[in-house]
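K.L.:
just a sequence and a predicted model for now, questions to come.
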Amino acid sequence: MPTEPNTGMELPYKGQPGYDEAKAQFPELYAAEEQGMMEGGAPPEGMPGDEGPDDMAADPAMMQAPAAPMPSKPYSMNAVKTLLKELNKVLDAFSGQDIPDIEIDFASKGAKLEGPLPPELFATLAAIAETLRLLGEDFVDKHGFDPQSMMTDADLRKVTASLKKMGKDKKLIDAMQAPADMGAAAEMDMQGGAEPSILDENEQELAAAMG
């Protein structure tokens, strides 16, 4: 966006109030701006009149959410619902309290789920898998799983069994609830600013989404 050379104030774009007056007063600034755009410069974000598929960016949180894989064949609703039930149990165990369950209104009413796992279910599983990685190799070796490899009912049952074991692992539960030590906190901060209680933020987001 062109700026007024004396004050540094941003000047209006075409379609904004005061555009004609500003262009008449500073024609050389607008000429330079238009020349830059013609040479391949992208128009600044939010410029009126340039909305298109690339400008209609998705919510950053949604863009960061992992995408669930397409199953090799449709999942059975029984396997999916059993996985969801066990996930809600382990989230209660990790938080140390009875938090609101993740509730999903499945579009599929038959015995099979059409398409991948629902985003809220898959994203929570991915967050748990990542948290295990941050907690260390011991927990990964004992409970780790790859959400992207969940392609069949058998894969869902394996993860369900892992969740059930996690809910009974006192060391893991303590690690989820206890503040990280200073060394681990510093390492996590470098990797993305994790909060001291590793799963706290995810639980708060889930609670807010369901509230």
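P.N.:
Cool, got the structure. Every value quoted in this text rests on a predicted model; they were computed, and no experiment measured them.
K.L.:
in this structure, which spans are helices?
P.N.:
19-25, 27-38, 60-64, 77-95, 119-135, 137-143, 153-166, 170-177, 182-192, 200-210 (DSSP state H).
K.L.:
ok, of those helices, where does mean pLDDT dip lowest?
P.N.:
Of all these, helix 182-192 carries the lowest average pLDDT, namely a mean of 42.
K.L.:
tell me the domain ranges of the chain?
P.N.:
Following automatic domain parsing, the chain resolves into domains at 1-57, 63-210.
K.L.:
excluding its backbone neighbours, what's nearest residue 140?
P.N.:
Counting by CB to CB, 6 or more residues apart in numbering, the nearest residue to residue 140 once its immediate chain neighbours are dropped is residue 132, at 5.3 Å. Backbone N, C-alpha and C define where each C-beta goes, glycine included.
K.L.:
what's the answer for residue 146, then?
P.N.:
Residue 146 sits nearest to residue 129 (CB to CB, 6+ apart), 6.9 Å away.
K.L.:
quick one: residues contacting that neighbour.
P.N.:
Residues near residue 129 by CB atoms under 8 Å, 6 or more residues apart in numbering: 144-147.
K.L.:
ok, now how distant is it from residue 159?
P.N.:
9 Å (CB to CB, to the nearest Å).
K.L.:
which residues are in contact with each of the two?
P.N.:
Jointly contacting residue 129 and residue 159 under the rule CB under 8 Å, 6+ apart are 145, 147.
K.L.:
buried ones among the contacts of residue 129?
P.N.:
Among these, those classed as buried by 16 or more other CB atoms under 10 Å are 145, 147.
K.L.:
and of the contacts of residue 129, the nearest to residue 116?
P.N.:
Within the contacts of residue 129, the smallest distance to residue 116 is 10.8 Å, found for residue 147 (CB to CB).
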